[in-house]
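> sequence unknown, structure follows:
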């Protein structure tokens, strides 16, 4: 009797890839366009209208101001949140 051929090990479920990240330079964010993956209040498309410069210029940029295209509302947020591919897509998709 011949032995059964070795079966390659297959995982039961495929490994989940890490969430996509958008490489960003905070100095180049001004007037960039963004799409929220999960829109709230019909606000899906946004524009970076201001990059908040820190008081001492040697400190890193931490926040940006986004303006919703639909409503015109603005909100401040840490610019690094835009790198989360599960929440934001670069451009108007």
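That came through fine. Model, not experiment: these values are computed from the prediction.

> quick one: the strands in this protein?
Along the chain, counting by DSSP state E, strands occupy 33-40, 43-52, 63-68, 74-78, 88-90.

> Please identify the most buried of those.
strand 63-68 (a mean of 19; mean count of other CB atoms under 10 Å). Every residue, glycine included, has its C-beta placed from N, CA and C.

> Any chance you could list what contacts that strand?
For strand 63-68, the external contacting residues (CB atoms under 8 Å, 6 or more residues apart in numbering) are 26, 29, 34, 41, 43, 45-52, 73-79, 82.

> try 10 Å this time
With CB atoms under 10 Å, 6 or more residues apart in numbering as the test, strand 63-68 has contacts from 26, 29-30, 32, 34, 36, 39-54, 73-82, 88.

> could you give the angle of it to strand 43-52?
150 degrees (axes from the mean of the first three to the mean of the last three CA atoms, to 10 degrees).

> okay, the angle between strand 63-68 and strand 33-40?
Angle, strand 63-68 to strand 33-40, by the same axes, to 10 degrees: 70 degrees.

> Which strands border strand 63-68, and is each parallel or antiparallel?
Using DSSP bridges, the strands paired with strand 63-68 are strand 43-52 (antiparallel), strand 74-78 (antiparallel).

> Could you dump those into a markdown table and include distance to residue 62 and mean pLDDT?
Output for the strands paired with strand 63-68, formatted as a markdown table (distance: least, CB to CB, whole Å; pLDDT from 0 to 100):
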| stretch | distance to residue 62 | mean pLDDT |
| --- | --- | --- |
| strand 43-52 | 7 | 96 |
| strand 74-78 | 6 | 96 |
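
> Make TSV out of those strands and add distance to residue 92.
Shown next, in TSV, are the strands paired with strand 63-68 (distance: least, CB to CB, whole Å):
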stretch	distance to residue 92
strand 43-52	5
strand 74-78	17
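
> Can you tell me which of these is nearest to residue 58?
Each of these was scored for nearness to residue 58 using CB to CB, and the closest is strand 43-52 (15.2 Å).

> who touches the closest one?
Applying CB under 10 Å, 6+ apart, the external contacts of strand 43-52 come out as 26-39, 61-79, 82, 88-89, 91-93.
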